[in-house]
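In: Generate a structure from the sequence data that follows.
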Amino acid sequence: MALYKRIYLIGDAFVSFRARALFEFLMASPEYVFHHSDPRFLMTTNKSFFKRLLFRIFRIFDKFLSLHKLVISDIIYILPMGNLIGVEKFISKMLRKKVIGEFYISMLDTYVNDRKIVLENSLKASKLLKLDQNLIDVCNQIVFLNSSEREYYLNLIERQTAYDKTLIIPLATNYRLRSKLPYANLKSSTITLCWWGTFLPLHGLDKIIEAAKYLKLANIDFKLYLFGNSTEKALPYKNQLINLGLESHVFFDYYKNFADKSLENFLIDNCDIAFGNFGDSFKAKTVMVNKVVESISMGLPVISQRTSALNEYFTDLENIIFCESEALKIAEKVIMLSKERNLLNDIGNAGYLLFEKHFSKEAYLNQIIPLLKT
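Out: The predicted model follows:
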């Protein structure tokens, strides 16, 4: 009997917190050894055709040179946004390997519906669909973040029959310092509102900015900070705030991020309310966006539209503030909370307890470890 299990990891270990948490566990555990080849090492941003071709050849060689490790592995674990190439898929099926995969996002959905850089029904869209389907098909067990997203993605990629081999392990993020909530704790007369993320229609950022117009008309003392890393994609929203005359209330920041803790530190020291998602698409009304979990990990109260996924874990006015996806309704929620400072503290505290129970590193590992043992 082997002294330990061999885990063959596929995908980027640094693309998500849950992948890093799994790595830390495997490195510290005497029960497992693992192999992982960081895909970023053999990627290049060089535009030279020759260099790009050379790196592609290197990646293929690297895969083939690692196949003997896949052959002797006990478990093949596909990290979030990872996938198998053809020969890996063939070997795993031929040798009846245990394959666990984490379905984090759909490639088809991301590039066709969210980013809109691939045309629907195009050859490229067909290839993206095959990638998503391949991940489902090759796995013995496939992990989704919540039941709502499981149903959404299985329907989208036409894999409803795979339901029986799926399980739910929620989104996870790391522990952070607790937010100071300066307005709620009478340290500031200005209520500070924050949003962060990618400038995609999924988030309904235009409604949050329009809500600021109503807050200004109501003479609310507020500031709204918007954090993202693309000045180009932010331009329509920048123009919107200028047209609404909100330059003294709404501020863009393209530089702060969680990686260097600059965003985290700002939110802890200044933020009173964080915003979730207010998009109009079916997906926007289904998923749980990362920023909601990131917010409650700091004890920040969150205003968000009600989505199917949020409904699985959150309760209105207990650990979140649900709101209709309309600018005026968003503004009315902020005005109500500006008069209920104790409620801000209560919701922030309850949200933090929910984070510890469902969305922390410990909660993730408590569910993933038994999966590795079976």
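
In: Now the helix or strand of the chain at the bottom of the mean pLDDT ranking: buried residues?
Out: None of the helices or strands of the chain scores lower by mean pLDDT, DSSP states H and E than helix 49-65, at a mean of 85. Within helix 49-65, the residues that count as buried by 16 or more other Cβ atoms under 10 Å are Arg59, Lys63. All C-beta atoms are positioned from the backbone trio N, CA, C, and that covers glycine.

In: give the contact list for Ile10.
Out: For Ile10, the contact set (Cβ atoms under 8 Å, 6 or more residues apart in numbering) comprises Ile76, Tyr77, Ile78, Leu79, Gly82, Asn83, Leu84, Glu88.

In: same thing but 10 Å
Out: 35-37, 39, 63, 66, 70, 76-79, 82-85, 88, 99, 101 (Cβ atoms under 10 Å, 6 or more residues apart in numbering).

In: Tell me which of those residues fall in helices.
Out: Counted as lying in helices by DSSP state H, out of the contacts of Ile10, are Lys63, Leu70, Glu88.

In: which one of the residues you listed is nearest Tyr152?
Out: Glu88 (27.1 Å; Cβ to Cβ).

In: what's the pLDDT at the closest residue to the closest one other than its chain neighbours?
Out: Spatial nearest neighbour of Glu88, excluding adjacent residues (Cβ to Cβ, 6 or more residues apart in numbering): Leu70 at 6.1 Å. What the model reports for Leu70 is a pLDDT of 91.

In: Same question for Ala2.
Out: 59.

In: what do you get for Ile347?
Out: Reading off the confidence values, Ile347 has pLDDT 98.

In: Over to Ile85?
Out: pLDDT at Ile85 comes out at 83.

In: Just to check, it is in contact with Gly11?
Out: No: the pair Ile85 and Gly11 fails to qualify as a contact (Cβ atoms under 10 Å) at a distance of 11.8 Å.

In: So between these two, which is more surrounded?
Out: Per other Cβ atoms under 10 Å, whichever of Ile85 and Gly11 has more neighbours is Gly11, with 23 against 13.

In: mind checking how far that one is from Ile78?
Out: Distance, Gly11 to Ile78, by Cβ to Cβ, to the nearest Å: 6 Å.

In: Now for these two: what residues contact both?
Out: Taking Cβ under 10 Å, 6+ apart as the contact rule, Gly11 and Ile78 both touch Leu84, Gly101, Glu102.
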